[in-house]
Every structure is written in C-alpha cells, then in structure tokens.
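Asks: Could you look at this predicted model? Sequence included:
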Amino acid sequence: MNKKSSTSNANKISAQPRYHQTAPELQKFGTVTSVQPMQLEEPIRLEMTERLNQLLADTMTLRDLYKKAHWQVSGPTFYQLHLLFDKHYAEQSEIVDTIAERIMLLGGISVAMAADVAELTRIPRPPKGREEVPAQLSRLLDAHELVITYARELAELATKLGDSGTNDLAVSDVLRPSELQAWFLSEHLVNAPLVEAEPLQQSA
C-alpha cells in the first residue's frame, strides 16, 4: 500500500473510537492570544491574566476548604454549619467559573489542575485531619481576608489599566460575596450565651 492510500485510510470516517491520542499544546500557559474586540493591549491582558490566575488559585483553595469543613465539621453546631459550609462552597464554585472564564476571555489560559493550584495558591495547606469548629472558622476567615485584600488590589489595578470588565469581576463577583460569607462566619465566633442571658448589672 502506498503512502497516499495509507493517509486516505487513516482519515476515513469510522465508528471505531480513536484511543490514546496526543497532540501538542494549542497555547502555552502564561501567554495570551489576540482578542481584537477587547480593545486591551497585549501587555495589559498578560498582566490581568497573571493576576486573575493568582486570584483563581486562591479562590479554588478557599472553595475546597469549605468542602473539607463541610465534611469534617462536628459538635453542637454541626447541622447549621454543615449546611452553611456547603452553601458557601457552591457559591465559591460559581466564582471560580467566573474568574476562569474571564481569563480565557482575555486570551489567557486558566490554571485548572489541583497540583498546579497547590503550587500557586498563597493560602496555607490545612491538616488532613479534623479540626475543632473555631479553628475551621478561623482558617476560612484567614483565607477570605487574603482573597478580599487581593480582590481590592486587583480592582484598583484594573481601573488604572482601563480593564473595566476585570474591575467589575473583582468587586461584584469576588469581593462582595466574600465579604458577605466572611460576615456569616465571623458571627459564629461571637461568645454569646446560648440558653441563659447574662444578668443586667445594677447601676450604683
């Protein structure tokens, strides 16, 4: 069989699945493609995608901290926190998608795999074992603080560089939901009486 016939057979339509295929990467991580309608110069899009990937890695880690807490929470507040942690996990999952889509929209490549996220995130790795509720809440609040601070910095930079879309994402999709979630968490750390109120102090 000549080379022409072999090529023809290889390209022939068939119901047989073609397993174990490989191919070169279409685009290297850390690069951006040309996105003409964006009206943002390549250096700006490179800067924004790099910073958005940092935000994405931290947000993915925060999301996964919520799932860990959801599975491992215990104690008298188990039911309430079990549900709250899962609700926040779902909300963080939506934020993750929004950030990743913005990176791709800018012509970049979003970080995706757990090993790559672990290398990039600045949120400390938690222990594998179960922690007490106050430690879980504090760990989540610390992660929120990091994300909130970075989102504010990113919003300011995006405005300076004329990237209104990234500014809107940082404020509306990341900062505000994270502030709200942090508020819900912090209220669980108030040392308030549960059954019997503190007696009023008589004035002298």
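Replies: Alright, I've got the coordinates.
Asks: so what's the residue nearest the centre of the chain up against?
Replies: The centroid of the chain falls nearest to residue 59 when counting by Cα atoms, centre = their mean (2.5 Å). The neighbours of residue 59, taking Cβ atoms under 8 Å, 6 or more residues apart in numbering as the test, are 92, 95-96, 99, 147, 174. Where C-beta positions appear, they are placed from N, C-alpha and C, glycine not excepted.
Asks: same thing but 6 Å
Replies: Contacts for residue 59 were tallied using Cβ atoms under 6 Å, 6 or more residues apart in numbering; they are 95-96.
Asks: Which SSE is immediately downstream of the helix or strand where it lies?
Replies: Taking DSSP states H and E as the criterion, residue 59 maps to helix 42-72. Using DSSP H and E, the helix or strand that follows helix 42-72 towards the C-terminus is helix 78-105.
Asks: Can you spell out which helices and strands pack onto that next one?
Replies: Packing contacts for helix 78-105, counted by 3 or more Cβ pairs under 6 Å, 6 or more residues apart in numbering; DSSP states H and E, involve helix 42-72.
Asks: relative orientation of the helix it packs on and helix 78-105 in degrees?
Replies: Per axes from the mean of the first three to the mean of the last three Cα atoms, to 10 degrees, the angle that helix 42-72 makes with helix 78-105 is 160 degrees.
Asks: next one: helix 42-72 to chain centre, how far?
Replies: Mean-position distance between helix 42-72 and its chain equals 4 Å (Cα atoms, centre = their mean, to the nearest Å).
Asks: Could you pull up the mean pLDDT of that helix?
Replies: For helix 42-72, the mean per-residue pLDDT is 98.
Asks: and that helix, which residues are buried?
Replies: Within helix 42-72, the residues that qualify as buried are 44-49, 51-70, 72, counting by 16 or more other Cβ atoms under 10 Å.
Asks: do stretch 14-32 as well
Replies: Buried, per 16+ other Cβ under 10 Å, within stretch 14-32: residue 32.
Asks: From start to finish, how long is it in a straight line?
Replies: Start-to-end span of stretch 14-32 (Cα to Cα, to the nearest Å) is 36 Å.
Asks: Run through who's touching it.
Replies: 45-46, 49, 107-109.
Asks: again, only using 7 Å
Replies: Identification of contacts with stretch 14-32 by Cβ atoms under 7 Å, 6 or more residues apart in numbering yields 33, 42, 45-46, 49, 106-109.
Asks: Ok, stretch 187-198 next?
Replies: Residues from elsewhere that reach stretch 187-198 (Cβ under 7 Å, 6+ apart): 77, 134, 137.
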